[in-house]
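# here you go, sequence then predicted model.
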Amino acid sequence: MTRTVYVDNAATTAMSDAAIAAMLPYFKETYGNPSSLHTVGQVAKEALDGARARIAALVGAKPNEIYFTSGGSEADNQAIRAAAYNGLAKGKKHIISTAFEHHAVLHTLKKLEKEGFEVTYLDVHSHGNITSEEVAAAIRPDTALVTVMYANNEVGSVLPIRRIGEVCRQRKVTFHTDAVQAVGHIPVNVVDDNIDMMSVSAHKFHGPKGVGFLYCRSGVPLKSLIEGGAQERKRRAGTENIAGICGMAAALAEAIGNMQANMAKERALRDKLIAGLSAIPHSRLNGDGKNRLPANVNMCFEGIEGESLLLLLDAKGICASSGSACTSGSLDPSHVLLALGLPHEVAHGSLRLSLSEYNTEEEIDYIIAEVPKIVEYLRNISPVWEALEKGERPHLI
Ligand SMILES: *Cc1c(COP(=O)(O)O)cnc(C)c1O
């Protein structure tokens, strides 16, 4: 039986034992609805309040600034629509974002463009980052919202959120950040970072899937996307996912409690992996070499298809991602790698390895041993590589 080496933690993570243990009481013992007035309901309400207070404290927020959602996508949708419509009520129809946001942000913005909003997508340059000065220069009198991710899920760039938040605060523009890849992984504090709205998802830090939260600073208006009951102070209808919320609180407490040690471990593994894979000829590291998530590796290998690489890696038990999305039968390279200015043919040969503190050095050594063999095999059967080797077309990396 082949072993499993899971290095796709930017897609989702294994749950931690602490998170699972924190959820179990809420399936059969404390199964009440927090809106019920009886004891069973009120015990659930206490658990909900406790988790809210715990989570708020972990990101520097107040409990009444936390709105539980079904995850990062819902939080992104709600934050962006709420801020956009709030701006519209004041005659503001301009939004600033970046070209490499998650689709939960980009697709919401595309919809808003159809509704008459104008969106500026800031260029993320070849290194995959922006500056607060670029945000400042894009702000107009009719700017309703700046939405910029804290850290990119594909290439791992960590953006200058604190400075961007400062600019937005000065210019009185609402600032939302998709912090799904940051919270639980690198230090985040909504007050110090000048954040008005922030999206978070539990399953990216060893919590359960299907639960997350939106931080919305008190005083920043928040519209509900879902009609129904009065849950979440009338901002998000639907019976609360108590087990998921308690699992998320436990996972976040654990992730933040162990953050320094986890970051040090991941950085060491990441740097070893980058050094090992960079020895492959005609390869390149994508993303910001300096401001990078401790657990992210994203490489391109010229002359191969990322999908073939993934399948062969999977046969060796290595679970990774290419960053490309298969849309309607045609393989499109990742919008993130294209936003970095990579040519299509290079972006196609991408490999994302996203680590977690559960990975071991022995696993990294295994990856460093296997990837070059597979790349060489694929290049040997690739007509593109043959043309490159014969000098019929120029090497791009
Ligand atoms: C995973 C992810 C999301 C979506 O979160 P879900 O909880 O899966 O909906 C949004 N933004 C980023 C940056 C992500 O990595």
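Right, received. Where do you want to start?
# next up, the contacts around Pro394.
Residues near Pro394 by CB atoms under 8 Å, 6 or more residues apart in numbering: Leu388. Placement of C-beta: from N, CA and C, glycine included.
# Provide the secondary structure category for it.
coil (DSSP: H, G, I helix; E, B strand; the rest coil).
# pLDDT at it, what is it?
If you check Pro394, the pLDDT there is 91.
# against the ligand, how distant is it?
35 Å (CB to the nearest ligand atom, to the nearest Å).
# got it, and Tyr121?
In terms of CB to the nearest ligand atom, Tyr121 sits 16 Å off from the ligand.
# in stretch 348-367, which residues are buried?
Neighbour counts using 16 or more other CB atoms under 10 Å place 348-357, 359, 363-364, 366-367 of stretch 348-367 among the buried residues.
# who's in contact with the residue nearest to Tyr6 when sequence neighbours are not counted?
Distance criterion CB to CB, 6 or more residues apart in numbering; nearest residue to Tyr6, sequence neighbours excluded, is Cys319 at 4.9 Å. Contact analysis of Cys319 by CB under 8 Å, 6+ apart lists Thr4, Val5, Tyr6, Val7, Asp8, Leu313.
# of all the residues you listed, which comes closest to Lys204?
Ranked by distance to Lys204 (CB to CB), the contacts of Cys319 are led by Asp8 at 11.3 Å.
# got the residues of the stretch 201-350 of the chain near the ligand?
Proximity of the stretch 201-350 of the chain to the ligand (CB under 6 Å from any ligand atom) is limited to residues Ser201, His203, Lys204, Gly212.
# any idea how far the nearest residue to the third one once chain neighbours are set aside lies from the ligand?
Spelled out, that is Lys204. Distances taken as CB to CB, 6+ apart put Val180 closest to Lys204, at 5.6 Å, once the chain neighbours are dropped. Computed as CB to the nearest ligand atom, the Val180 to the ligand distance reads 4 Å.
# same check on Gly165?
To the ligand, Gly165 is 17 Å away according to CB to the nearest ligand atom.
# where's that residue, which helix or strand?
Take DSSP states H and E as the rule and Gly165 turns out to sit in helix 161-171.
# C-terminal to that helix, what's the next element?
strand 174-178.
# that following strand pairs with which strands, and in what direction?
strand 143-147 (parallel), strand 197-201 (parallel) (DSSP bridges).
# could I get those strands as CSV with mean pLDDT?
Formatted as CSV, these follow (pLDDT from 0 to 100):
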stretch, mean pLDDT
strand 143-147, 98
strand 197-201, 98
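# how about those, which one is nearest Leu293?
Leu293 sits nearest to strand 197-201 of all those, at 14.9 Å, using CB to CB.
# how about the CA coordinates for the closest one, as PDB?
Presented in PDB, the C-alpha positions along strand 197-201 are these (Å, rounded to 0.1, in the frame of the first residue of the first chain):
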ATOM      1  CA  MET A 197     -14.500  43.300   7.800                       C
ATOM      2  CA  MET A 198     -12.600  40.000   7.700                       C
ATOM      3  CA  SER A 199     -13.600  36.500   6.300                       C
ATOM      4  CA  VAL A 200     -12.300  33.300   8.100                       C
ATOM      5  CA  SER A 201     -12.900  29.600   7.500                       C
END
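# got a list of contacts for stretch 302-314?
282-283, 301, 319-324, 331, 345-346, 348-351, 370-371, 374-375, 377-379, 382, 384-385, 388, 395-397.
# hmm, 7 Å instead?
The contact list for stretch 302-314, computed with CB atoms under 7 Å, 6 or more residues apart in numbering, reads 282, 320, 322, 324, 331, 346, 348-351, 370, 374-375, 378-379, 382, 384-385, 388, 395-397.
# Leu269 reaches Glu357, doesn't it?
No: counting by CB atoms under 7 Å, Leu269 does not reach Glu357; the two are 9.1 Å apart.
# can I assume Met299 sits in a helix?
No: counting by three-state DSSP, Met299 falls outside a helix, being strand.
# for it, what are its contacts?
Met299 sits next to Leu277, Ser283, Arg284, Leu285, Asn286, Leu351 when contact means CB under 7 Å, 6+ apart.
# do that again at 10 Å, thanks
With contacts defined as CB atoms under 10 Å, 6 or more residues apart in numbering, Met299 is in contact with 273-274, 277-278, 280, 283-287, 349-353, 371, 375.
# for it, list each beta-bridge partner.
Leu285, Leu351.
# quick one: the one residue in the stretch 251-397 of the chain that gets nearest to the ligand from Asn153, how far?
Nearest residue of the stretch 251-397 of the chain to the ligand (CB to the nearest ligand atom) works out as Ser354 at 9.6 Å. Distance, Ser354 to Asn153, by CB to CB, to the nearest Å: 8 Å.
# repeat for Gly317
Note on Gly317: its distance to Asn153, by CB to CB, is 23 Å.
# and those two? Which one has more around it.
Neighbour comparison, Gly317 and Asn153: the larger count goes to Asn153, with 25 against 15 (by other CB atoms under 10 Å).
# give me every residue that touches that one.
Neighbour list for Asn153: 10-11, 72, 100-103, 178, 180-181, 204, 293, 296, 321, 323, 336, 352, 354 [criterion: CB under 10 Å, 6+ apart].
# tell me which element Phe68 is part of?
Applying DSSP H and E, one finds Phe68 within strand 66-69.
# tell me how far that strand lies from the chain's centre.
17 Å (CA atoms, centre = their mean, to the nearest Å).
# now do stretch 98-105
Chain-centre distance of stretch 98-105: 10 Å, with CA atoms, centre = their mean.
# end-to-end on it?
Stretch 98-105 has an end-to-end distance of 10 Å (CA to CA, to the nearest Å).
# I figured the residue nearest to Lys204 hits Gly72, correct?
Yes: here Val180 lies in contact with Gly72, judged by CB atoms under 10 Å, at a distance of 4.1 Å.
# please enumerate the shared neighbours of the two.
In contact with both Val180 and Gly72: His102, Ala104, Asn153, Ser199, Val200, Ser201, Ala202, His203, Lys204, Gly212, using CB under 10 Å, 6+ apart.
# low-confidence ranges, the stretch 251-397 of the chain, go.
323-331 (pLDDT under 70).
# mind listing the helices for it?
Ranges of helices in the stretch 251-397 of the chain, per DSSP state H, counting those that start in this stretch, are 259-278, 306-315, 335-339, 344-347, 361-380, 383-389.
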